[in-house]
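Q: Whatever this is, show me its structure:
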Amino acid sequence: MSLFELENTLSFDEYIATFDTERVAKVHDFVAWLAQYQGGLVHNPWGEVNPDLEIVTDGFDAAQVRRDNLVAYLLPRLGRAKVFVVAEAVGYQGGRFSGIAITCERMLLDKHKTIRAKDITPIRLERTSSPTSSLLKGTQQKDGFNEPTDTVVWSAIVEKGIDPYDTLLWNIFPFHPHKEDNPLTNRTPTDREQQLGWEYTKRLLDLHIELGGVEPLVLAVGQKSADTMGKFGLSAIGLRHPANGGANLYRQGFAEAIDTYLK
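A: Residues are numbered from 1 along each chain as shown. Got it, this is the predicted structure:
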């Protein structure tokens, strides 16, 4: 039996118990803070549930599942990660249902073509999108959501030979902004939302240092994300956004940044 198979026998609570209690408390507090946010035309994955789109059954709280997913993702990375990859906002095909930035459900379920579930956490996490929602496509009902940008970002990490636990993925606005009357869309966060999101991003960076981490190399998914962080005094290297034919340029820029700054 492989190490991954052995660790998959651990429950979430058993896995959390392998970490220092102070670390766990700080990460839980951060995620609980995230869960409190509410905003217009914004879905908070860790604090809200849409019964039209998500699993609703006795003993299953989709928002709690996403909080657990995020805690399990952050615990081994905060204080360790050397690279932070930061996008603009949570997307409906990615963190909206997985609870983890720039990460889609198929990765969690080990149904992704190139990214393995063990690259995200050593325990198996759960989906929250409903397999029976009529608002989801057939493949989404069957296998969960898949997000092309998430695939490119994760693939660049794996292809470069970087330990996935030495990277941490995040969004400047860590919630899902959507268009009116259509929760399965993405919209650009407003200036006010970016300002608010920065408070969460700054706290995450501070928590990383508190837990023994060094100043990370910050890479932005798209120049717009880099410019936004620059407004708040955080220097980030802007990479070509993977969308609209930019996947290869993103990978190239990522590899060059790693070679230059992490020699």
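
Q: among the helices and strands of the chain, which has the poorest mean pLDDT?
A: Least confident helix or strand of the chain, by mean pLDDT, DSSP states H and E, is helix 3-7 with a mean of 47.

Q: C-terminal to that helix, what's the next element?
A: Beyond helix 3-7 on the C-terminal side, the first helix or strand identified by DSSP states H and E is helix 12-16.

Q: Quick check: next helix or strand after that next one?
A: Following helix 12-16 toward the C-terminus (DSSP H and E): helix 21-35.

Q: Show me what the helix or strand following that next one is packed against.
A: Downstream of helix 21-35, the next assigned helix or strand under DSSP H and E is strand 42-43. With contacts defined as 3 or more Cβ pairs under 8 Å, 6 or more residues apart in numbering; DSSP states H and E, strand 42-43 has these neighbours: strand 176-177. C-betas here are computed from N, CA, C, even on glycine.

Q: mind listing what the strand it packs on pairs with, with the direction of each?
A: Next to strand 176-177 in the sheet, as set by DSSP bridges, lie strand 42-43 (antiparallel).

Q: what does the partner strand rub up against?
A: By Cβ atoms under 8 Å, 6 or more residues apart in numbering, the residues outside strand 42-43 that reach it are 50, 96, 175, 176, 177, 178, 183, 193.

Q: Neighbour-wise, give me the winner out of those.
A: Tallying neighbours with other Cβ atoms under 10 Å puts residue 96 at the head of the contacts of strand 42-43, with 29 neighbours.

Q: Would you check how far apart it and residue 252 are?
A: Computed as Cβ to Cβ, to the nearest Å, the residue 96 to residue 252 distance reads 28 Å.

Q: Then residue 142?
A: Distance from residue 142 to residue 252, counting by Cβ to Cβ: 34 Å.

Q: the more surrounded of those two?
A: For residue 142 and residue 252, the more surrounded residue by other Cβ under 10 Å is residue 252, and the numbers stand at 14 against 10.

Q: How about the secondary structure of the more buried one?
A: helix (DSSP: H, G, I helix; E, B strand; the rest coil).

Q: For residue 95, give its distance to residue 103.
A: In terms of Cβ to Cβ, residue 95 sits 6 Å off from residue 103.

Q: Look at those two and report which has more neighbours.
A: Neighbours per residue (other Cβ under 10 Å) separate residue 95 from residue 103, with residue 95 holding more: 31 against 26.

Q: The closest residue to that one other than its chain neighbours: helix or strand, and which one exactly?
A: Using Cβ to Cβ, 6 or more residues apart in numbering and skipping the chain neighbours, the partner closest in space to residue 95 is residue 101 (5.0 Å). Using DSSP H and E, residue 101 maps to neither a helix nor a strand.

Q: Report whether the expected contact of residue 101 with residue 89 is present.
A: No. Contact criterion Cβ atoms under 8 Å: residue 101 and residue 89 do not qualify, at 9.4 Å.

Q: Give the residues shared as contacts by those two.
A: 171, 174.

Q: Which parts of this structure are strands?
A: 42-43, 83-89, 167-173, 176-177, 217-221, 237-239 (DSSP state E).

Q: now residue 117: how far from residue 69?
A: 11 Å.

Q: Between the two, tell me which one has more neighbours.
A: A count of neighbours by other Cβ under 10 Å puts residue 69 above the other of residue 117 and residue 69, at 28 against 19.

Q: so the more buried one makes contact with residue 126?
A: Yes. Using Cβ under 8 Å, residue 69 is in contact with residue 126, at 7.2 Å.

Q: which residues do these two both contact?
A: Taking Cβ under 8 Å, 6+ apart as the contact criterion, the residues that touch both residue 69 and residue 126 are residue 108.

Q: which other residues reach stretch 228-237?
A: Outside stretch 228-237, the residues that reach it (Cβ under 8 Å, 6+ apart) are 86, 88, 172, 194, 198, 201-202, 205, 217-220, 225-226, 253, 257, 261.

Q: what about it, start to end distance?
A: Length of stretch 228-237, first residue to last, Cα to Cα, to the nearest Å: 12 Å.
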